[in-house]
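Colleague: Predicted structure and sequence below. I'll ask about it afterward.
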Amino acid sequence: MANGIHDAFEYPLGFRKAESGGYYMWGRGNQGFVQSPEGGHGFLSKVDSNLRLLWLRRFQHPSFLYTEGNSGSYYLNDIAEAPDGSVYLVGHIWGYSPPDYPYDIERLWLLHVDEYGCLEPGCHLVGTEEIITHMTETMSVYPNPARGSCTIAFSLIEGYTAPGQSQLKLTDMQGRIVRTIALAGAEVAAGHAQIDLSGMVPGVYVGHWMDGGRWMDSMRIVVE
């Protein structure tokens, strides 16, 4: 009989055979990340028929980013597979956010991920472990198409503090990482960063904004 031991910080709330093979497991974790180290997270993972871990994605909603006295708990309670292999997740968020809301808050939490547990395609190609949900469309690029360089504009949600050091990882259409660009926290906080594209082969690339193993957002960049 096959068996496996996985991350002790995960508390499964469901386990189901996947239409694509293997099994999905989901639930909550007691280890937080981002500015909420005590807040926990929701998770979705997939194992093969021998219960070997294929991938694990941890999710946290930005509603309860950690500040003093502010915390949240995240539960993914059930999933449903779509015909295209993507997965719908339903759960809830419980949080406490003084002083504006000096009482418990509970919200419905809905996510739609692809067959690799990504909110947007390709996150599995760049070492993603943790995902901040509802952070998509925080980046834009201009000019696009670009030649030689471009500017990334950041529109951060209220209350979110930019990481001190993050990266933009550029992948080509074959999923290969072709360039990694350091982003200073001051640049992101200021709302823009200059990106050097010199020497890159013309084509379409995907820029993934990463804070370590934490995926924040992605966008397409056309290089002329």
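Modeller: Thanks, I have the structure now.

Colleague: Quickly find the element holding the most centrally placed residue in the chain.
Modeller: By Cα atoms, centre = their mean, the chain has its centre lying nearest to residue 131, at 2.1 Å. Using DSSP states H and E, residue 131 maps to strand 130-132.

Colleague: can you list contacts of that strand?
Modeller: The contact list for strand 130-132 (Cβ atoms under 8 Å, 6 or more residues apart in numbering) reads 33-34, 41, 57-62, 118-119, 123, 213-216. The C-beta positions use only the backbone N, C-alpha and C, and glycine is treated the same way.

Colleague: what distance separates that strand from the middle of the whole chain?
Modeller: 3 Å (Cα atoms, centre = their mean, to the nearest Å).

Colleague: Next secondary structure after it?
Modeller: strand 139-147.

Colleague: starting at the chain centroid, how far to that following strand?
Modeller: 22 Å.

Colleague: Any chance you could list what contacts that strand?
Modeller: Contacts for strand 139-147 (Cβ under 8 Å, 6+ apart): 150-155, 195, 197, 207, 209, 217-224.

Colleague: And for stretch 178-197?
Modeller: Applying Cβ under 8 Å, 6+ apart, the contact partners of stretch 178-197 are 141, 146-156, 161-172, 200, 205, 207, 209, 221, 223.

Colleague: Buried ones among these?
Modeller: Buried subset of the contacts of stretch 178-197 (neighbour count, 16 or more other Cβ atoms under 10 Å): 141, 146, 150, 152, 154, 156, 162-163, 166-172, 200, 205, 207, 209, 221, 223.

Colleague: before we move on, back to that, looking at the contacts of strand 130-132, which are in strands?
Modeller: When the contacts of strand 130-132 are checked against strands (DSSP state E), the matches are 41, 57, 58, 59, 60, 214, 215, 216.

Colleague: so the last one touches residue 169, yeah?
Modeller: No: under the criterion of Cβ atoms under 8 Å, residue 216 lies out of contact with residue 169, with a separation of 11.0 Å.

Colleague: and for these two, which residues touch both?
Modeller: Residues within reach of residue 216 and of residue 169 at once, by Cβ under 8 Å, 6+ apart, are residue 210.

Colleague: Tell me, domain by domain, which residues of the chain belong where.
Modeller: Split into domains by automatic domain parsing, the chain comes to 10-117, 139-223.

Colleague: Among those, which comes closest to residue 127?
Modeller: Of all those, domain 139-223 sits nearest to residue 127, with 5.5 Å by Cβ to Cβ.

Colleague: distance between that closest one and the chain's centre?
Modeller: Computed by Cα atoms, centre = their mean, the chain-centroid distance of domain 139-223 equals 15 Å.

Colleague: Then stretch 132-142?
Modeller: So, by Cα atoms, centre = their mean, the centroid of stretch 132-142 is 11 Å from its chain's centroid.
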